[in-house]
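Undergrad: Could you work out the structure for the sequence below:
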Amino acid sequence: PQEFPATLEAYLARVHADDRYATRTIIERAFQEGSSFDFEERIVRPDGAIRHRRSQGRWNFDENGKPARLMGICQDVTERKLAEEQLRRTMELQARNEELKAFAYTVSHDLKAPLRGIAGYAQELDRQHRTALDERGHPVEHRRRDARVGGSLRQWRGERGADRPRLFVRLRRLRSTSRT
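TA: Sure thing, here's the model as predicted:
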């Protein structure tokens, strides 16, 4: 604890400039109404460090109704304020993360339908033109292809064990065989 002159002006001199007006207003209102006060403010230490504190107090009046003294206590709540701010940021990040997960799920769901259509089209091409194609023109075994497509969606959503998609279609060979 540091000592300073026991005046309202000396007290306010330690209050952060942005909080000084509100602090003065609260203390003066308590004086005028004869009520107690309880508020939080920032102070600037002599070394320049900014700390948060909770100030509580009340005015004591003499038998003539004049202020005899201001009694109060100030408690350093900087650590609590920092923890509250960290919790707020963590909750914001969690909310954003949930939004991103929902977005990824939606996009992956929206991608599955066209990919299924492509897979179905590839199967139909394979069925219709299997005999006309050489070994390089045949699609990979359906289960492996489906696993890669599903794996790519899992990878895109950030799930483990996902492979990259590889879709190869040899249209030139299909066109030439369909003309014969």
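Undergrad: how about the strands of the chain, start to end?
TA: 36-44, 50-61, 67-76 (DSSP state E).
Undergrad: I'd like these laid out as CSV, including mean neighbour count.
TA: The C-beta positions use only the backbone N, C-alpha and C, and glycine is treated the same way. Converted to CSV, the strands of the chain look like this (neighbours: other CB atoms under 10 Å):
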stretch, mean neighbour count
strand 36-44, 16
strand 50-61, 16
strand 67-76, 13
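Undergrad: Turn these into TSV, columns for distance to residue 119 and mean pLDDT.
TA: Shown next, in TSV, are the strands of the chain (distance: least, CB to CB, whole Å; pLDDT from 0 to 100):
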stretch	distance to residue 119	mean pLDDT
strand 36-44	62	94
strand 50-61	60	92
strand 67-76	65	86
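Undergrad: can these go into JSON lines with extra columns for distance to residue 99?
TA: Output for the strands of the chain, formatted as JSON lines (distance: least, CB to CB, whole Å):
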{"stretch": "strand 36-44", "distance to residue 99": "32"}
{"stretch": "strand 50-61", "distance to residue 99": "31"}
{"stretch": "strand 67-76", "distance to residue 99": "37"}
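Undergrad: Tell me which of these lies nearest to residue 103.
TA: Taking CB to CB, strand 50-61 is the member of these nearest to residue 103, at 36.9 Å.
Undergrad: Can you list the neighbours in contact with that closest one?
TA: Strand 50-61 is contacted by residues 16, 23, 27, 30-31, 34-45, 67-78, 80-81 when judged by CB atoms under 8 Å, 6 or more residues apart in numbering.
Undergrad: repeat that for 7 Å
TA: 16, 30-31, 34, 36-45, 67-78, 81 (CB atoms under 7 Å, 6 or more residues apart in numbering).
Undergrad: which helix of the protein spans the most residues?
TA: With secondary structure taken from DSSP state H, the chain has its longest helix at helix 78-129.
Undergrad: show me where pLDDT drops low in the chain?
TA: 1-5, 131-180 (pLDDT under 70).
Undergrad: Residue 15: neighbour count?
TA: Residue 15 is flanked by 19 other residues according to other CB atoms under 10 Å.
Undergrad: Skipping its backbone neighbours, what lies nearest it in space?
TA: residue 23 (5.0 Å; CB to CB, 6 or more residues apart in numbering).
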